[in-house]
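# the amino acid sequence is not available; the structure is as follows:
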């Protein structure tokens, strides 16, 4: 705050973050900072209780923005915005002056866009970086409908970017903090990037970029995206991809390999790109393991093993999400789910 940062994003599930903010906030001019917090609750009553707890921990009488947190599937969003859902709690909190604005964070681009088009929410927290550009279309829409966007994970999802030197997928290139933050701030749909800051040194790096910020030119953007794609692609990044078109089972091999190698570099969040993987006409389940892809691979890569591993992890992750939200939607979670079974 001394350095001029005036947006603080937190959430009830970020361990003791709200308590730490509460140690500082009463000593400052409250109107000089925009406080946004989030809750994963899906019902009105639980959302209101979560907001009250956040106010108490942060020692403030109001939030600047209260958000529904990590609404990943449309199923989850539909429940929260239905009768007795979390959205009703946010409306009431705003009416009572406990929050100035409300919104939603999401790792599903389509769910976020559906919420934007509904036209009621003020602010969204969305992931985007040169390594994960899936949400560009949501940011384009945000700029069009004039809603605020806090860009989470602008550095790729794990703080300042680093890659394991001995990783088989490593490249000679890395993305810099400056490249990532300039990329974030250059999009007209981004209100503010919210990079993960763990050390004072990282804070200083972020501040230096902000102090000298200039939007990326079209040429700089093209070069940065090409660099990110080479990093994301690992051993497949610069490959001519002869595996494409040789699969008799129509498995999109290069697509799966790129996603797999990207997930090794930027963490589990890339599995959330599974919106696309989930609806592919063909996936690894169609693979008959004929080996033709490996025969033409110039890198002698174990393609089948890699695809199998990615498919397993993606299904485990998305399966947990789908089962969890499916039970919640059908009311099978009982009291733990937080709402009654939907009729019909």
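That came through fine. Treat the numbers as computed from the prediction; the structure is a model and nothing was measured. Residues are numbered from 1 along each chain as shown.
# how many residues are close by residue 314?
Other residues near residue 314 come to 23 when the count uses other CB atoms under 10 Å. In short, each C-beta sits where N, CA and C put it, glycine included.
# can you tell me how far it is from residue 259?
Per CB to CB, to the nearest Å, residue 314 is found 8 Å from residue 259.
# okay, and the common contacts of the two?
Counting by CB atoms under 8 Å, 6 or more residues apart in numbering, the contacts common to residue 314 and residue 259 are residue 277.
# so residue 213 is in which element?
Taking DSSP states H and E as the definition, residue 213 sits outside all helices and strands.
# so who does it touch?
Counting by CB under 8 Å, 6+ apart, residue 213 touches 181-182, 185.
# what's the spacing between it and residue 181?
Distance from residue 213 to residue 181, by CB to CB: 8 Å.
# ok, now residue 248?
45 Å.
# same thing with residue 1?
The spacing between residue 1 and residue 181, counted by CB to CB, is 19 Å.
# which one of these two has more residues nearby?
Taking neighbours as other CB under 10 Å, residue 1 and residue 181 compare with residue 181 leading, 22 against 13.
# ranges for the strands of the stretch 151-300 of the chain?
When assigned using DSSP state E, counting those that start in this stretch, the strands of the stretch 151-300 of the chain occupy the ranges 192-194.
# can you show me the strands along the stretch 1-150 of the chain?
7-9, 34-39, 63-68, 99-105, 123-127, 148-152.
# between those, which one is nearest to residue 113?
Between residue 113 and the strands of the stretch 1-150 of the chain, the tightest spacing by CB to CB is seen for strand 123-127, at 9.6 Å.
# tell me the angle the closest one makes with strand 34-39.
70 degrees (axes from the mean of the first three to the mean of the last three CA atoms, to 10 degrees).
# okay, now the sheet partners of strand 123-127, with direction.
Using DSSP bridges, the strands paired with strand 123-127 are strand 99-105 (parallel), strand 148-152 (parallel).
# if I pick residue 173, what's in contact with it?
Neighbours of residue 173 in contact, by CB under 8 Å, 6+ apart: 227, 230-231.
# could you rerun that using 6 Å?
227, 231 (CB atoms under 6 Å, 6 or more residues apart in numbering).
# next: residue 224.
For residue 224, the residues meeting the contact criterion (CB under 6 Å, 6+ apart) are 130, 179.
# so where's the stretch 201-344 of the chain uncertain?
238, 264-276, 278-279, 317-344 (pLDDT under 70).
# the stretch 1-150 of the chain too?
Within the stretch 1-150 of the chain, the set of residues satisfying pLDDT under 70 comprises 71-75.
# swap the cut-off to 90 and go again
13-15, 70-80, 107-111, 130-135 (pLDDT under 90).
# sorry, back to before: same list (the strands paired with strand 123-127) but as JSON lines, adding distance to residue 201.
Putting these into JSON lines (distance: least, CB to CB, whole Å) gives the following:
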{"stretch": "strand 99-105", "distance to residue 201": "27"}
{"stretch": "strand 148-152", "distance to residue 201": "21"}
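# quick one: which of these is nearest residue 209?
That would be strand 148-152 among these, by CB to CB, at 13.5 Å.
# what does the closest one contact?
Counting contacts by CB under 6 Å, 6+ apart, the residues outside strand 148-152 that touch it are 9, 123-128, 142, 184, 189-194.
# chain neighbours aside, what residue packs nearest to the one residue sitting closest to the centre of the chain?
Compute the mean C-alpha point of the chain, and by CA atoms, centre = their mean the closest residue is residue 127, 3.5 Å away. In space, and not counting its chain neighbours, residue 127 is closest to residue 153: 4.3 Å by CB to CB, 6 or more residues apart in numbering.
# kindly report the same for residue 129.
Closest residue to residue 129 apart from its sequence neighbours, by CB to CB, 6+ apart: residue 156 at 4.8 Å.
# right, and that neighbour touches residue 132 too?
No - with contact defined as CB atoms under 6 Å, residue 156 does not reach residue 132; the gap is 7.3 Å.
# more neighbours: those two, which one.
Remark: of residue 156 and residue 132, residue 156 carries more neighbours, 29 against 22, as counted by other CB under 10 Å.
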